[in-house]
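A.B. asks: how does the following fold in three dimensions:
(chains A and B, ligands or ions: 1)
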Amino acid sequence: MADPTATVCPRCAHQTVELVFTSPVPGVWDVLQCGRCLYMWRTSEPERRTRRHAYPEAFRMTAEDIRSASEVPAVPPLRTS
Amino acid sequence: MAYDDLRSFLEALDKEGQLLRITEEVNPEPDIAAAANAAPRLGDAAPALYFDNVKGFTDARIAMNVHGSWANHALALGLPKETGTKEQVEEFVRRWAEFPVAPERRADPPWAQNTQEGDDVDIFQVLPLIRLNDGDGGLYIDKAAVVSKDPEDPEHSGKQNVGIYRIQVKGRRKLALQPVPMHDIAQHLRKAEEEGEDLPVAITIGNDPVISIVASTPMKYDENEYELAGALRGAPAPIAEAPLTGLPVPWGSEVVIEGVIEGRKREIEGPFGEFTGHYSGGRSMTVIRIDRISYRTNPVFEHLYLGMPWTEVDYLIAASTCVPLYEQLKKDFPEVQAVNAMYTHGLVAIVSTKKRYGGFAKAVGLRVLTTAHGLGYATTVIVVDEDVDPFNLPQVMWALSTKMNPSGDLITIPNLPVLELAPQAQSPGIVDKLVIDATTPVEPDRRGNYSTQVHDLPEAAEWLTRLQRLSARR
Ligand SMILES: [Zn+2]
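C.D. replies: Take a look at the predicted model:
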């Protein structure tokens, strides 16, 4: 239904968005995912979750946020012996 | 009454008037999460919610708030739904004494009816996944019991783990899982990753109500959750072998997802509105590759809303947090009467105790901080006298109002460990902890002037019964 190529990620404004799943009742909604921040949403959700202009500042994410994200848990050193 | 699967428990809830079927069409978001957010606000007898008319889906069955009230928690343990909070915790303690009760291997698990494998795996075809809070990074699975084994000691059944962890759905066959360092699965993963290996996991969704309780009980590393389930149910927990990983999983699960946490791999995850009532995330977390999904025909997706307390998660981990803390304290200090650690998984704990001598209550409070669970959680500990009921907050406030003198009754210890999700930490994972002694000082501690406490009149208990009888007759 939604054309993923015409959508930007509401959270990080990335231009590449993938179609993950489409409603079993045709044409009702799609589940989309951002190729960069991996945000995943359903197109039928309220604007505050699906539209860049309405997406709350507090939940936005940048490429730098992703690069600097801490590891949980940290990858331990390989055992050598 | 022991339930072997989620469906029989939902039927029981229905019979008791504790299951509300929402038959009108609802939107997957925000309706289902908003309803589950609202349900516990109905009070201590709030019902579970069941949705089967969800817009865009042809075949969705979603159960929310299954444990989300004291009435439902009581029914999960086979108790009358009117059973009080303190009584439920006391009964939990009594049944814990039966631990361990070995599980029973049972053939023909219903989840063996349908299978997806390898590249054919598509979790969206199996589960009507929905989003919860506005800032969540995606669709989450947050009430699954995740099974793993110690890679160095795979035959040791005590070192198996069954736990509930937050899981983000990242793709048709890709998930993220958060192993909190204090939890057993983090130890399993570390051992696997040190060897450069993947960690096999089985993620079981839609379980009998006791499995969800034991999976969220902070047990010791070498204690087996199924053996606690047997003690709580009063009958061995039925389990079966997951077909791909061989991991022991609940016989009655609706859905069993098998795969591996891919060793030494991390990827952006979250945020997710957590049990602390705050979002956490935007961190680089583990990645799970799904290799097989087994599922019961017409699976019921059991899901949990969490947010501003109290929500279902607070009921799910209320008694199950109090009891292990009580057990561990009681072993060293038989004077301990009761533990209420129901607040945010025990970030605040209230302990009532008799006093051996002056200063004893402070020692009990400090011991809470070094219990297995207290290490990562207990941040404020309030110690009250043996005649104060820690589950009766007005009584606890009375103790704070009259028994506590800040000049000598507040002990702060700097820079102790706390789980990384605790929002008040100075840096994630490190916090100052506080013990508040709100007990009456005893010899040789001569502070204060406590010679004249008023106690309930000896005849009051009898009058209470009499008044209850009289008012019931009106
Ligand atoms: Zn994005």
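A.B. asks: assign residue B:94 to helix, strand or coil.
C.D. replies: The three-state assignment at residue B:94 reads helix, by DSSP: H, G, I helix; E, B strand; the rest coil.
A.B. asks: gap between it and residue B:232?
C.D. replies: Plainly put, residue B:94 is 10 Å away from residue B:232 if you go by CB to CB, to the nearest Å. For every residue, glycine as well, the C-beta is placed using N, CA and C.
A.B. asks: give me the number of residues near residue 62?
C.D. replies: The chain I'm using is chain A. Other residues within reach of residue A:62, judged by other CB atoms under 10 Å in any protein chain shown, total 13.
A.B. asks: not quite, I wanted chain B
C.D. replies: Neighbour count of residue B:62, defined by other CB under 10 Å: 23.
A.B. asks: could you check which of residue B:94 and residue B:232 is surrounded by more residues?
C.D. replies: Of the pair residue B:94 and residue B:232, residue B:232 is the one with more neighbours under other CB under 10 Å, namely 28 against 11.
A.B. asks: what strand or helix carries the more buried one?
C.D. replies: helix B:225-233 (DSSP states H and E).
A.B. asks: and that helix, what does it pack onto?
C.D. replies: helix B:85-96, strand B:161-164, helix B:209-215 (3 or more CB pairs under 8 Å, 6 or more residues apart in numbering or on different chains; DSSP states H and E).
A.B. asks: mind redoing it with 10 Å?
C.D. replies: The contact analysis (3 or more CB pairs under 10 Å, 6 or more residues apart in numbering or on different chains; DSSP states H and E) places helix B:225-233 against helix B:85-96, strand B:145-148, strand B:161-164, helix B:209-215, strand B:238-241, strand B:248-250, helix B:319-332.
A.B. asks: could these go into TSV alongside distance to chain A?
C.D. replies: Shown next, in TSV, are the helices and strands packed on helix B:225-233 (distance: least, CB to the nearest CB, whole Å):
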stretch	distance to chain A
helix B:85-96	30
strand B:145-148	14
strand B:161-164	15
helix B:209-215	20
strand B:238-241	28
strand B:248-250	24
helix B:319-332	22
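A.B. asks: rebuild these as CSV, extending it with mean pLDDT and distance to residue A:57.
C.D. replies: Shown next, in CSV, are the helices and strands packed on helix B:225-233 (pLDDT from 0 to 100; distance: least, CB to CB, whole Å):
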stretch, mean pLDDT, distance to residue A:57
helix B:85-96, 96, 40
strand B:145-148, 98, 34
strand B:161-164, 95, 32
helix B:209-215, 98, 36
strand B:238-241, 98, 48
strand B:248-250, 98, 43
helix B:319-332, 95, 35
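A.B. asks: not counting its neighbours along the chain, what's nearest the residue positioned nearest the centre of chain A?
C.D. replies: Centroid-nearest residue in chain A: residue A:39, 1.6 Å away (criterion: CA atoms, centre = their mean). Leaving aside its chain neighbours, residue A:39 sits nearest to residue A:11 (4.2 Å; criterion: CB to CB, 6 or more residues apart in numbering or on different chains).
A.B. asks: same deal with residue B:297?
C.D. replies: Leaving aside its chain neighbours, residue B:297 sits nearest to residue B:113 (5.0 Å; criterion: CB to CB, 6+ apart).
A.B. asks: let me know the pLDDT of that neighbour.
C.D. replies: pLDDT, residue B:113: 98.
A.B. asks: correct me, but it touches residue B:293?
C.D. replies: No - using CB atoms under 10 Å, residue B:113 is not in contact with residue B:293; the gap is 11.8 Å.
A.B. asks: list the residues that contact both of those two?
C.D. replies: Common contacts of residue B:113 and residue B:293 (CB atoms under 10 Å, 6 or more residues apart in numbering or on different chains): residue B:299.
A.B. asks: these two: which is more packed in?
C.D. replies: Shown here are residue B:113 and residue B:293; by other CB under 10 Å, residue B:293 has more neighbours (27 against 13).
A.B. asks: what about the helices in the stretch 101-250 of chain B?
C.D. replies: For the stretch 101-250 of chain B, the helices defined by DSSP state H, counting those that start in this stretch occupy B:123-126, B:184-194, B:209-215, B:225-233.
A.B. asks: any idea which of those helices is most buried?
C.D. replies: Per-stretch averages of neighbours, counted by mean count of other CB atoms under 10 Å in any protein chain shown, single out helix B:209-215 among those, with a mean of 27.
A.B. asks: give the contact list for the residue nearest to the centre of chain A.
C.D. replies: For residue A:39, the contact set (CB under 10 Å, 6+ apart) comprises A:9-12, A:14, A:17, A:32-33, A:49, A:55, A:59, A:61, B:136-138, B:268.
A.B. asks: for residue B:197, same thing?
C.D. replies: B:151, B:189, B:191, B:260, B:261, B:262, B:263, B:264 are the contacts of residue B:197 under CB under 10 Å, 6+ apart.
A.B. asks: repeat the analysis, applying 7 Å as the threshold.
C.D. replies: B:151, B:263 (CB atoms under 7 Å, 6 or more residues apart in numbering or on different chains).
A.B. asks: can you pull the pLDDT of it?
C.D. replies: For residue B:197, pLDDT reads 97.
A.B. asks: re the thing from before, figure out which of the helices and strands packed on helix B:225-233 is closest to residue B:379.
C.D. replies: If you check each of the helices and strands packed on helix B:225-233 against residue B:379 by CB to CB, helix B:319-332 wins as the nearest, at 13.3 Å.
A.B. asks: buried stuff in that closest one?
C.D. replies: In terms of neighbour count (16 or more other CB atoms under 10 Å in any protein chain shown), helix B:319-332 has its buried residues at B:319, B:320, B:321, B:322, B:323, B:324, B:325, B:326, B:327, B:328, B:329, B:330.
A.B. asks: turn these into CSV, including distance to residue B:212.
C.D. replies: As requested, the buried residues of helix B:319-332 are exported to CSV (distance: CB to CB, whole Å):
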residue, distance to residue B:212
B:319, 12
B:320, 9
B:321, 14
B:322, 17
B:323, 15
B:324, 16
B:325, 19
B:326, 21
B:327, 20
B:328, 22
B:329, 25
B:330, 25
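A.B. asks: doesn't residue A:58 make contact with the residue nearest to residue A:39?
C.D. replies: No - judged on CB atoms under 7 Å, residue A:11 makes no contact with residue A:58 at a distance of 11.0 Å.
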